[in-house]
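Engineer: Provided below for reference: sequence and predicted model.
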Amino acid sequence: TSFHLLPWSNATPRNSFAAHFDLVASRLRRVAPILREHDIRLALEFLGPYGNRRVHGRPELGGHDFIHTIEGIRCLAAAAGASSHVGLKLDVHHWHCTGGMLEELICLEPHEVALVELNDSTASVTRRAQPEFDRDVPGLNGVSDAAGLLAVLMRIGVRCPVHVESFTRRFAAVDTDAAIAEQKAAMDRCFDAAAARVLPADLVGTQPHVNDPHEPTGWAEKMATELAEYRLRHGLKASASA
């Protein structure tokens with residue numbers, strides 16, 4: 001089962017981020033034993049468009065910002081002790097609105113993604129100005145990287161339901177069967193593109209990461225020696241890597 005979290009708090013009482021986080025986590029903590037007992041996966045969806053938070057989540061307007069990212073959902077599930085049965089309802093549009101980084105997907109564990117919704121964001125506005133209810137079939141506008149998202153999820157071994165969620169009024173004037181056929185074809189093309197996508201080595205590779213490419217020769221050894229001397233002077237145990 002699934003539901004979304006509003007990315008602001010302006011109900012009564014109007015809770016700050018921390019207070020509202022504690023409130024939602026406590027409610028989720030009460031649900032967690034039921035999820036585990038019946039082996040139910042709960043998919044939580046964050047809402048990405050900034051405009052929602054700009055008009056509802058600013059303190060000077062009587063509200064407070066709240067969870068609107070992948071990491072926010074992960075932290076909420078962990079705080080509630082429910083990570084085993086609470087995962088992401090990952091909507092491509094909302095992911096795009098909050099940055100759309102493949103880097104944040106590649107480090108997920110497979111069980112953390114419970115449901116995926118494919119679509120494409122609006123091409124006529126900036127990422128910051130994206131509306132909530134205007135998105136089309138995946139790949140149509142070339143804005144949101146739905147194929148890239150799928151490619152990464154395939155690589156890390158995610159197995160979950162995937163469907164198209166488009167909000168576009170143009171389908172109101174289209175025959176139902178034709179609308180379904182278009183969305184099915186778009187989803188097929190998205191999966192084909194994902195299967196063909198070659199993910200870059202700096203995203204998935206195992207090459208060493210160099211934090212300071214201009215580090216002088218012998219600097220690491222010098223720092224290790226100074227650290228060992230410091231520990232010896234202050235009677236501290238040697239580090240595990242020493």
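Structural biologist: Here it is on my side, so go on. None of these values were measured; they are calculated from a predicted model.
Engineer: Okay, and Val210 sits in which element?
Structural biologist: Following DSSP states H and E, there is no helix or strand that holds Val210.
Engineer: Which secondary structure elements does the strand or helix carrying Asp177 sit against?
Structural biologist: Using DSSP H and E, Asp177 sits in helix 176-196. With contacts taken as 3 or more Cβ pairs under 8 Å, 6 or more residues apart in numbering; DSSP states H and E, helix 176-196 sits against strand 113-118, helix 146-156, strand 162-164. Backbone N, C-alpha and C define where each C-beta goes, glycine included.
Engineer: and if we set it to 7 Å?
Structural biologist: In terms of contacts (3 or more Cβ pairs under 7 Å, 6 or more residues apart in numbering; DSSP states H and E), helix 176-196 is packed against helix 146-156, strand 162-164.
Engineer: want to throw these into TSV with mean neighbour count, mean pLDDT and distance to Ala25?
Structural biologist: As requested, these are exported to TSV (neighbours: other Cβ atoms under 10 Å; pLDDT from 0 to 100; distance: least, Cβ to Cβ, whole Å):
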stretch	mean neighbour count	mean pLDDT	distance to Ala25
helix 146-156	21	98	26
strand 162-164	17	97	28
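Engineer: Distance to Gly62 added to these, as a markdown table?
Structural biologist: Converted to a markdown table, those look like this (distance: least, Cβ to Cβ, whole Å):
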| stretch | distance to Gly62 |
| --- | --- |
| helix 146-156 | 35 |
| strand 162-164 | 36 |
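Engineer: Which among these is found nearest to Ala185?
Structural biologist: The closest of these to Ala185 is strand 162-164. By Cβ to Cβ, the value is 10.1 Å.
Engineer: Next, count neighbours for Pro138.
Structural biologist: Look at Pro138: counted by other Cβ atoms under 10 Å, it has 29 neighbours.
Engineer: next one: the one 4 residues further on
Structural biologist: Gly142 sits with 9 neighbouring residues when counted by other Cβ under 10 Å.
Engineer: For it, report the pLDDT, please.
Structural biologist: As predicted, Gly142 sits at a pLDDT of 96.
Engineer: show me what contacts it?
Structural biologist: Shown in contact with Gly142 (Cβ atoms under 7 Å, 6 or more residues apart in numbering): no residues.
Engineer: what residue ranges in this structure score low on pLDDT?
Structural biologist: Per-residue confidence for the chain (pLDDT under 70) gives these ranges: 11-14, 238-242.
Engineer: which residues in it form strands?
Structural biologist: With strands called from DSSP state E, the chain shows them at 2-5, 8-9, 42-46, 64-65, 86-91, 113-118, 162-164.
Engineer: any idea which of the ones you listed is most buried?
Structural biologist: Stretch with highest mean neighbour count among these: strand 86-91 (a mean of 24; mean count of other Cβ atoms under 10 Å).
Engineer: pull the CA atoms of that one into CSV?
Structural biologist: Output of strand 86-91 as CSV, limited to C-alpha atoms (Å, rounded to 0.1, in the frame of the first residue of the first chain):
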residue,chain,number,x,y,z
VAL,A,86,8.7,1.0,4.6
GLY,A,87,10.2,2.1,1.3
LEU,A,88,10.0,4.7,-1.4
LYS,A,89,7.1,5.3,-3.8
LEU,A,90,9.5,6.8,-6.3
ASP,A,91,7.8,9.2,-8.8
